[in-house]
Each structure stands twice: as structure tokens, then as C-alpha cells.
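In: predicted model and sequence below, questions to follow.
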Amino acid sequence: HMLLLGDPGAAKSQLLKSASKIAPKSMFVSGKGATGTGLTATVVKDELTHGWALEAGAMVLASGGVCCIDEMDKMSDEDTSSMHEALEQQTVSIAKANIRATLRCETTVLGAANPKFGRFDPFGDLTKQINFPPALISRFDLIFIVRDIPDKKKDDLIANHILQSHRDKSMTITEITPDFLKKYIAYTKTIKPVLTQGAINKIKDFYVSIRNAVADEEEGVRSIPVTARQLE
């Protein structure tokens, strides 16, 4: 699971939409318009039989693929907490009305969110600007901080490309086509890497050093909690 955490206008939503188009099996949802039951599963009254029926949510329907969740910071704590089991156990358990079921949810979650105060404060403590509970943040394997820092040369290139693409549509054609990217990702799935003893020692030492990194008490800097989930 990956989380893109960054300033507004850093093309996080565009990355999520591109990922949902390239992945053969995917769902794209916006956090403001999604609930916990809409993401996992819900029990509804069947009008035909007048009984209870189980309806799968976005994460269950995207099992075996990618579920892109935009604006995760706009979701309530109750809705994000319902994702805990799906993110870690890869299942969704339901025990409502007369239905008790466990649904498979082998879904990769690609999330995007803004920091606590809308934008990152370059002089503030980074961990205090992440508005997610530790239980949820620890379930993401990779967290990417996306900064929108003004850079004259970079801004000039971006502005020129955007304006020129409105004039000439051929500029929107990328060097790597979506079809080639699909083939490339499909090929990487066939490779089965073998963990060597040297790699085990490197990963173990790195994990232990992060876990035991001494927090700077004077500056009040606290690291993002690292658990055995990240080791996996």
C-alpha cells in the first residue's frame, strides 16, 4: 500500500487516475464521497426477497488489482478505521443482521492526502503535520512526501509544457505508452527474486536502526511509527 502525502496542486490526483487506467482491475474513489461501508462491504435489505443481502464495496470489487483513494484526509476517523482489516489482513469481515461472512480483499491501496494544515510548513515538524492516526499510517508500506517548492527553472518548464500542450495536442503523448507500461508491469510479476543472507542482514540492520533511532528530545522531533508491517 502506498500513500502520497503532499501539497495541493502536486498532481497526486492525476497519478491516481493514471494508475487506475493502467491497472487491469481498479477502482477510483474520492474520500469525501466514500464511506467505510462503501469501501469495504455493507448489508442492505433486498426488496425482492425482503431478506438481507451482502453488497461488496470498492476495495472488495478491486481484489487482485488497485484501489485508488483520493482525498483520504477528508474521510472521517470512523470510515478510515473500517479499512484497517482490509489493509492488513486482506479480508473484510461482516457480522450484521443475519449475515456473517468474510470477503477476500487482496487489493493494493494507492492513497493521496493533503497535510494537516493544507500545505507543508518547511520549518515545522513533519510528523506533526501528518493528520492520520498511527494505526492507519503504519499499515502503509510506502509513504511519499510530495512537496510543491517554487523553482524558477522547473516552474518555467512545467508552465511551458502545459501551455504548449493546449496549442499542440501531440505534446500530451508520453514516451512510454500505457500499453507498454502494462506489459512491463505484467513481466515484472513473473520474476521471483530470492532473498540472500546478505540481503537479510542489510534489511534487518536497517529495520533495527530505524526502530531504535533516538528521538531528539530538545527539538521534539518524533519519527513516524515503524512496525514489523514495514519489515514485511
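Out: Yep, that arrived. Numbering: from 1, shown residues only.
In: can you map out the helices along the protein?
Out: Here the chain has its helices, by DSSP state H, at 12-22, 36-39, 58-61, 77-81, 84-88, 134-137, 152-167, 178-188, 197-211, 228-231.
In: closest to Trp52 out of the ones you listed?
Out: Closest to Trp52 of those, according to C-beta to C-beta: helix 36-39, at 13.7 Å. (Each C-beta comes from the backbone N, C-alpha and C, glycine too.)
In: mean confidence for the closest one?
Out: Averaging pLDDT along helix 36-39 yields 84.
In: who touches it?
Out: Residues from elsewhere that reach helix 36-39 (C-beta atoms under 8 Å, 6 or more residues apart in numbering): 29, 57-59, 67, 69, 78-83, 86.
In: one more pass at 6 Å, please.
Out: Gly57, Ala58, Met59, Asp79, Ser82 (C-beta atoms under 6 Å, 6 or more residues apart in numbering).
In: most neighbours among the residues you listed, which one is it?
Out: Most neighbours among those, by other C-beta atoms under 10 Å: Met59, with 28 neighbours.
In: would you mind confirming that that residue makes contact with Thr108?
Out: No. Counting by C-beta atoms under 6 Å, Met59 sits too far from Thr108 to count as a contact (10.0 Å).
In: picking up where we left off before, for Asp125, state which of the contacts of helix 36-39 is nearest.
Out: Closest to Asp125, out of all of the contacts of helix 36-39 and judged by C-beta to C-beta, is Asp79, at 26.7 Å.
In: just checking, that closest one touches Thr35?
Out: Yes. In terms of C-beta under 6 Å, Asp79 counts as a neighbour of Thr35; the distance is 5.4 Å.
In: give me the beta-bridge partners of Ile99?
Out: Using DSSP bridges, the bridge partners assigned to Ile99 are Lys96.
In: what sits against it?
Out: Val43, Trp52, Leu54 are the contacts of Ile99 under C-beta under 6 Å, 6+ apart.
In: looking at the residues you listed, which is nearest Thr188?
Out: Closest to Thr188, out of all of these and judged by C-beta to C-beta, is Leu54, at 34.7 Å.
In: export the contacts of helix 36-39 as a markdown table, with columns for distance to Asn98 and pLDDT.
Out: As requested, the contacts of helix 36-39 are exported to a markdown table (distance: C-beta to C-beta, whole Å; pLDDT from 0 to 100):
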| residue | distance to Asn98 | pLDDT |
| --- | --- | --- |
| Gly57 | 20 | 87 |
| Ala58 | 25 | 89 |
| Met59 | 24 | 90 |
| Asp79 | 25 | 83 |
| Ser82 | 21 | 85 |
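In: okay, the residues you listed in CSV with distance to Ala113 next?
Out: Converted to CSV, the contacts of helix 36-39 look like this (distance: C-beta to C-beta, whole Å):
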residue, distance to Ala113
Gly57, 19
Ala58, 17
Met59, 17
Asp79, 13
Ser82, 17
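In: sorry, back to before: ChimeraX command to pick out the buried ones of the contacts of Ile99?
Out: Remark: buried members of those, expressed as a ChimeraX selection using 16 or more other C-beta atoms under 10 Å:
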select :43,54
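In: mind checking which of the contacts of Ile99 land in strands?
Out: Mapping these onto strands (DSSP state E) picks out Val43, Trp52, Leu54.
In: pretty sure the first one contacts Trp52?
Out: Yes. With contact taken as C-beta under 6 Å, Val43 and Trp52 are classed as touching, separated by 5.3 Å.
In: touching both of these two, which residues are there?
Out: Ala97, Ile99.
In: quick one: contacts for the closest residue to Cys68 other than its chain neighbours?
Out: Spatial nearest neighbour of Cys68, chain neighbours left out: Leu16 (4.1 Å); criterion: C-beta to C-beta, 6 or more residues apart in numbering. Going by C-beta under 6 Å, 6+ apart, Leu16 touches Cys68, Asp70, Ala112.
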